[in-house]
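> Got a sequence here, can you model it:
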Amino acid sequence: MSSASSTKFVTNKMCPFAQKAWIALEVSNTPYEFKEISLYGSNGKPDWFWKLNPLGTVPVLSCNDGASVIPDSELILDYIGSGPVEIGAGADHNKLALDPTNVDLVDSVKMWRRRISEKVIPLGKSAVLGGGEKDLFQLLKELNEHVEGPYLCGDSLTLADCASFPFLWRIDQEFGPLTEESHGCGKFRIW
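Residues are numbered from 1 along each chain as shown. The predicted structure follows:
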């Protein structure tokens, strides 16, 4: 969603960490301006980007004309989940804002995000580099049992889905479909 907005999303389309934040921005109906930067080579990160984020990582979300700068995909998801991203945007615009009184849903979203970040991503990277494929698929088979359907946490799309999709899609593409027959992951296939 590119539009005239005081919120700017600076990223590279190929980065899965950026993709999870990008998906969340789209699902939350947050108005933003998209700015893609190169990560490497002669057209690498421009000077203005280093000033915005001295760590040099993508994605970066700059809100309210730079009053808030969020330089990490997990922090961006937290920010989106907390309510309206832009001053003046109504809470009803953000479909991903979590109701803190729905403790079960909040806990489920946290569990999924934590397991993707702390377990699936490291095991997935290891499997792609040539080791740990068995451990990865054992973990995915276990996580498959926690898919509540039709989305990861039940009847509605949450930050858990946004955080998980880029990584589970890559695993699906790298190792073949996450199906019940091939990997014991039928709920993921339906998801």
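
> can we go C-alpha only for contacts and neighbour counts from here?
Fine.

> Show me which residues of the longest helix along the chain are buried.
Using DSSP state H to define each element, the chain has its longest helix at helix 159-175. Buried residues in helix 159-175, counted by 16 or more other CA atoms under 10 Å: 159-168, 171.

> now swap in stretch 145-162 and tell me
Neighbour-count burial for stretch 145-162, counted by 16+ other CA under 10 Å, picks out 146-147, 151-153, 157-162.

> sorry, back to before: which residues sit against the longest helix of the chain?
Contact with helix 159-175 is made by 16-17, 19-21, 23-24, 77, 81, 96, 109-110, 112-113, 116, 120-121, 124, 128, 151-153, 178, as judged by CA atoms under 8 Å, 6 or more residues apart in numbering.

> one step back: mind picking the two most distant members of the buried residues of helix 159-175?
Distance extremes for those: the farthest pair is Leu159 and Ile171 at 19.2 Å, using CA to CA.

> mind checking which helix or strand Glu26 is in?
Following DSSP states H and E, one finds Glu26 within helix 16-27.

> For the helix or strand that that helix is followed by, enumerate its sheet partners and note whether each is parallel or antiparallel.
In the C-terminal direction, the helix or strand that comes right after helix 16-27 (DSSP H and E) is strand 33-36. Take DSSP bridges as the rule and strand 33-36 pairs in its sheet with strand 8-11 (parallel).

> Just the residues contacting the strand it pairs with, thanks.
With CA under 8 Å, 6+ apart, strand 8-11 has contacts from 18, 22, 32-37, 58-63.

> Which member of those residues is positioned nearest Glu142?
Out of the contacts of strand 8-11, the member with the shortest distance to Glu142 (by CA to CA) is Ala18, at 26.3 Å.

> Now for the closest one: which residues touch it?
Counting by CA under 8 Å, 6+ apart, Ala18 makes contact with 11-12, 58-59, 73.

> Most neighbours out of these, which is it?
Highest neighbour count within the contacts of Ala18: Pro59, with 28 neighbours (other CA atoms under 10 Å).

> Could you report the neighbour count for the closest residue in space to Lys13 that isn't next to it in sequence?
Leaving aside its chain neighbours, Lys13 sits nearest to Gln19 (6.7 Å; criterion: CA to CA, 6 or more residues apart in numbering). By the measure other CA under 10 Å, the count of residues near Gln19 is 22.

> ok but Trp50 is inside a helix, no?
Yes: judged by DSSP: H, G, I helix; E, B strand; the rest coil, Trp50 forms part of a helix.

> quick one on the thing from earlier: report the mean confidence score over the helix holding Glu26.
For helix 16-27, the mean per-residue pLDDT is 95.

> got CSV for the buried residues of stretch 145-162, with pLDDT too?
Conversion of the buried residues of stretch 145-162 to CSV gives the following (pLDDT from 0 to 100):
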residue, pLDDT
His146, 95
Val147, 97
Tyr151, 95
Leu152, 96
Cys153, 95
Leu157, 92
Thr158, 94
Leu159, 96
Ala160, 97
Asp161, 97
Cys162, 97
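
> Reformat the buried residues of helix 159-175 as TSV; add distance to Asn43.
Shown next, in TSV, are the buried residues of helix 159-175 (distance: CA to CA, whole Å):
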residue	distance to Asn43
Leu159	32
Ala160	34
Asp161	33
Cys162	29
Ala163	29
Ser164	30
Phe165	29
Pro166	25
Phe167	27
Leu168	30
Ile171	29
